[in-house]
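> next come a sequence and a model predicted from it.
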Amino acid sequence: MNSNLFSLNGKVALVTGAAYGIGFAIAEALAEAGAKIAFNCRKPEHLQSALDEYSKLGIEARGYLCDVTKEDEVKAMVADIESTLGSVDILVNNAGIIRRIPMHEMSVDEFREVVDIDLNAPFIVAKAVIPAMMKKRSGKIINICSMMSELGRETVSAYAAAKGGLKMLTRNIASEYGEYNIQCNGIGPGYIATPQTAPLRERQPDGSRHPFDSFIVAKTPAARWGNPDDLKGPVVFLASQASDFVNGHILYVDGGILAYIGKQP
Ligand code: NAP
Ligand code: GCO
């Protein structure tokens, strides 16, 4: 097999929201495969700590303070990446938030904020990088979807609506730009141990596990939460020439949750 199949040498990767969590692991994996890394977040303290962590790993990441919902900030970031590292070859739309509120109690602004970051922003960032990919007739766009691209649950209406929409945005980008040798796929992580899910894993006052923690472990054939490193292989696959004929696919990295009815209590 061609040993360069999974190489990203000479490629420029932008990973949004990669100050920590899943995005950081994704950026680390892409760097390990040879890519030059650019990433962004909103908070200066997150940016600085991330730059320090990347540096400790020997990764010369270019970090940007950029809110992915602001098109002017995104355009300025992409322009600076193009003038310093080169045009973006690989985009990972990772930045995202969740608000866990019963729908009938959720404000319109709270709903809109989640959809803005989790769905509108991937459109904004993809739109900023696609013209250069079209010129090069080459590009990889990877949208970080979710179990909630397929399933609902209480309190996450905005998130599920956004991630379901992101699945279809992924398929539409694949449909519209495949002829330019641009592949757009999604990764659907299962339940991953990051700050975003920390509230679902908090120990109870009596020291017992959070009920949701126990629920997820029973619902996952792998009988564990995922960790960000579980996403490294899948993202390198979708970012590399190994997946040049994979397009519009959502790769679920979930330990088997979507395949499993769950362990009998
Ligand atoms: P996280 O720990 O909360 O990290 C989110 C990152 O996004 C942070 O770096 C945050 O930095 C950045 N961010 C948030 N809003 C932003 C904005 N408007 N502009 C720029 N950056 C922004 O989340 P995570 O668990 O790593 O999840 C990452 C992605 O995976 C999200 O799309 C999430 O929906 C998805 N996902 C997570 C899980 C899971 O179980 N953890 C499972 C499936 C899918 P700042 O706050 O500094 O901006
Ligand atoms: C939740 C969790 C999930 C995960 C992930 C699952 O509250 O149910 O936060 O939404 O973040 O999206 O794939």
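Arrived safely, thanks for sending. Ligands and ions are numbered 1, 2, ... in the order given.
> what's the longest helix in this protein?
Criterion DSSP state H: the longest helix present in the chain is helix 157-177.
> write out the residues of the stretch 101-250 of the chain neighbouring ligand 1.
Contact residues, the stretch 101-250 of the chain versus ligand 1 (C-beta under 6 Å from any ligand atom): 117, 144, 146, 189, 191-192, 194-197. All C-beta atoms are positioned from the backbone trio N, CA, C, and that covers glycine.
> what's the farthest-apart pair in the residues you listed?
Comparing all pairs in these by C-beta to C-beta, the longest separation belongs to Ile117 and Tyr191, at 19.9 Å.
> pretty sure Gly188 contacts Asp254?
Yes: counting by C-beta atoms under 8 Å, Asp254 is a contact partner of Gly188 at 6.6 Å.
> need the residues touching each of the two.
Common neighbours of Gly188 and Asp254, counting by C-beta atoms under 8 Å, 6 or more residues apart in numbering, are Met147.
> how much space between the closest residue to Ser146 other than its chain neighbours and ligand 2?
Leaving aside its sequence neighbours, Ser146 sits nearest to Lys163 (C-beta to C-beta, 6 or more residues apart in numbering; 4.1 Å). Separation of Lys163 from ligand 2 (C-beta to the nearest ligand atom, to the nearest Å) stands at 7 Å.
> list the contacts of the worst-scoring helix or strand of the chain on mean pLDDT.
Lowest by mean pLDDT, DSSP states H and E among the helices and strands of the chain is helix 211-219, with a mean of 95. By C-beta under 8 Å, 6+ apart, the surrounding residues in contact with helix 211-219 are 191, 200-201, 223-225, 257, 260, 262-263, 265.
> from those, which land in strands?
Within the contacts of helix 211-219, no residue falls in strands by DSSP state E.
> spell out which residues of the stretch 101-250 of the chain are next to ligand 2.
By the rule C-beta under 6 Å from any ligand atom, the part of the stretch 101-250 of the chain lying against ligand 2 is 146-148, 153, 156, 159, 189-191, 196-197, 200.
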